[in-house]
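> just the structure for this:
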Amino acid sequence: MVRLYQYPVVEPGATLRRGLEQLAAAAGAAPVPIVLFPEGHRTGDGRIGPWQEGGLRAILGARRWTVHLLVADGYWRSARLTDFLESVSRIEGRAVTLGPFESPERTRNPSSRT
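Residues are numbered from 1 along each chain as shown. Sure thing, here's the model as predicted:
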């Protein structure tokens, strides 16, 4: 679906200014909603790893958004297809939705934490 609809993609290595600028331009022009999947932010033992904020800041700074947040936990042990097939009956996950939230005004610095 990502490729079919040409959604803007946050590349894991896109921490360089140019990559984030390209992401912001694509997000600002996107005629469709954007979904962020913060995949890869769990360590091997399931602890939550550091959140990389650059892509989110670039997207939020591109234009006004209505943001819906879905938080899911408990599925990380079954992230790969083989793990899922072996443990589907034992998955104990939960999901919560929050929002909607309005993104900051474009004139406001999206990197601001206030």
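> hang on, residue 23 in a strand?
No - the assignment for residue 23 (DSSP: H, G, I helix; E, B strand; the rest coil) gives helix, which keeps it out of a strand.
> list the contacts of the closest residue to it other than its chain neighbours.
Closest residue to residue 23 apart from its sequence neighbours, by CB to CB, 6 or more residues apart in numbering: residue 58 at 4.7 Å. In short, each C-beta sits where N, CA and C put it, glycine included. Neighbouring residues of residue 58 by CB atoms under 8 Å, 6 or more residues apart in numbering: 20-21, 23-24, 27, 110.
> rerun at 7 Å
By CB atoms under 7 Å, 6 or more residues apart in numbering, the contact set of residue 58 is 20, 23-24, 27.
> mind putting these into TSV with distance to residue 45 and neighbour count?
Shown next, in TSV, are the contacts of residue 58 (distance: CB to CB, whole Å; neighbours: other CB atoms under 10 Å):
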residue	distance to residue 45	neighbour count
20	30	19
23	31	23
24	35	20
27	34	20
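> would JSON lines of those residues with distance to residue 106 and pLDDT be doable?
Formatted as JSON lines, the contacts of residue 58 follow (distance: CB to CB, whole Å; pLDDT from 0 to 100):
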{"residue": "20", "distance to residue 106": "16", "pLDDT": "81"}
{"residue": "23", "distance to residue 106": "15", "pLDDT": "83"}
{"residue": "24", "distance to residue 106": "11", "pLDDT": "88"}
{"residue": "27", "distance to residue 106": "12", "pLDDT": "86"}
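> now distance to residue 33 too, for those residues, in TSV please.
Shown next, in TSV, are the contacts of residue 58 (distance: CB to CB, whole Å):
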residue	distance to residue 33
20	20
23	15
24	16
27	11
